[in-house]
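S.K.: Structural data only, the sequence is not supplied:
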């Protein structure tokens with residue numbers, strides 16, 4: 001398993017369908033190319049997460065996720081600025097089911113975390129983002145915690161600092177404003 005501090009080192013892994021961990025606003029995330037079904041299904045198996053639950057995508061810019069979503073209202077577009085909140089948006093019927101799960105929506109965060117932003121810019125893509133832990137276990141907050149939980153089951157760890165949030169990001173519905181996860 002590769003452990004690196006450089007986002008450029010993950011570009012080839014991303015293009016080849018690799019699964020890797022990286023620091024986010026509160027915990028380490030597991031990620032891969034959202035358009036690569038095989039990589040995403042591998043991530044779900046590693047995490048022991050059912051496909052039905054759907055996944056979060058993180059991006060550095062709304063343009064990286066727009067292709068998955070139905071046209072947004074002006075109010076919803078105002079929510080597409082970098083923040084530590086994940087919003088649920090209506091997904092296109094063509095959005096991959098391995099991302100949406102049993103839903104007709106998709107969870108999106110335009111991240112304000114500098115490492116996530118740099119990674120998405122380096123890869124010129126959004127990323128699948130789910131906490132780096134086995135389902136039901138505590139999320140990893142350091143690279144060494146990721147390595148302990150996943151050993152050599154993932155391809156790489158981007159070693160860096162998580163943000164200052166104490167819990168994973170809030171998830172809100174972009175239409176009603178309702179909090180889905182606090």
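M.R.: Nice, I can see it. Predicted model only: the values in this text are computed from it and were never measured. Numbers count the residues shown, from 1 in each chain.

S.K.: from here on, contacts and neighbour counts on C-alpha atoms
M.R.: Fine.

S.K.: could you list every residue that touches the residue most central in space within the chain?
M.R.: Here the mean C-alpha position of the chain is nearest to the C-alpha of residue 129 (C-alpha atoms, centre = their mean), at a distance of 1.6 Å. Residues counted as contacts of residue 129 (C-alpha atoms under 8 Å, 6 or more residues apart in numbering) are 29-32, 55-58.

S.K.: let's see 10 Å
M.R.: Residues in contact with residue 129 (C-alpha atoms under 10 Å, 6 or more residues apart in numbering) are 21-22, 24, 28-34, 43, 55-59, 107-109, 116.

S.K.: where along the chain do the strands fall?
M.R.: 2-4, 20-23, 28-31, 56-59, 85-90, 105-110, 127-131, 156-158, 170-173, 179-181 (DSSP state E).

S.K.: Mean pLDDT and distance to residue 142 added to those, as TSV?
M.R.: What follows is the strands of the chain, written out as TSV (pLDDT from 0 to 100; distance: least, C-alpha to C-alpha, whole Å):
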stretch	mean pLDDT	distance to residue 142
strand 2-4	89	12
strand 20-23	97	8
strand 28-31	96	7
strand 56-59	98	19
strand 85-90	97	21
strand 105-110	97	21
strand 127-131	95	12
strand 156-158	97	10
strand 170-173	93	21
strand 179-181	90	23
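
S.K.: Next, format those strands as a markdown table and append distance to residue 65.
M.R.: Putting the strands of the chain into a markdown table (distance: least, C-alpha to C-alpha, whole Å) gives the following:
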| stretch | distance to residue 65 |
| --- | --- |
| strand 2-4 | 26 |
| strand 20-23 | 19 |
| strand 28-31 | 15 |
| strand 56-59 | 7 |
| strand 85-90 | 11 |
| strand 105-110 | 8 |
| strand 127-131 | 9 |
| strand 156-158 | 22 |
| strand 170-173 | 16 |
| strand 179-181 | 20 |
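
S.K.: so who does residue 87 touch?
M.R.: With contact set as C-alpha under 10 Å, 6+ apart, residue 87 has these partners: 56-57, 76, 79-80, 105-110, 169-175, 177-180.

S.K.: Could I get the buried residue list for stretch 78-89?
M.R.: Residues of stretch 78-89 classed as buried: 79-80, 82, 84-89 (neighbour count, 16 or more other C-alpha atoms under 10 Å).

S.K.: Output the residues you listed as a markdown table; include the columns distance to residue 10.
M.R.: Below are these laid out as a markdown table (distance: C-alpha to C-alpha, whole Å):
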| residue | distance to residue 10 |
| --- | --- |
| 79 | 29 |
| 80 | 26 |
| 82 | 22 |
| 84 | 23 |
| 85 | 25 |
| 86 | 24 |
| 87 | 26 |
| 88 | 27 |
| 89 | 28 |
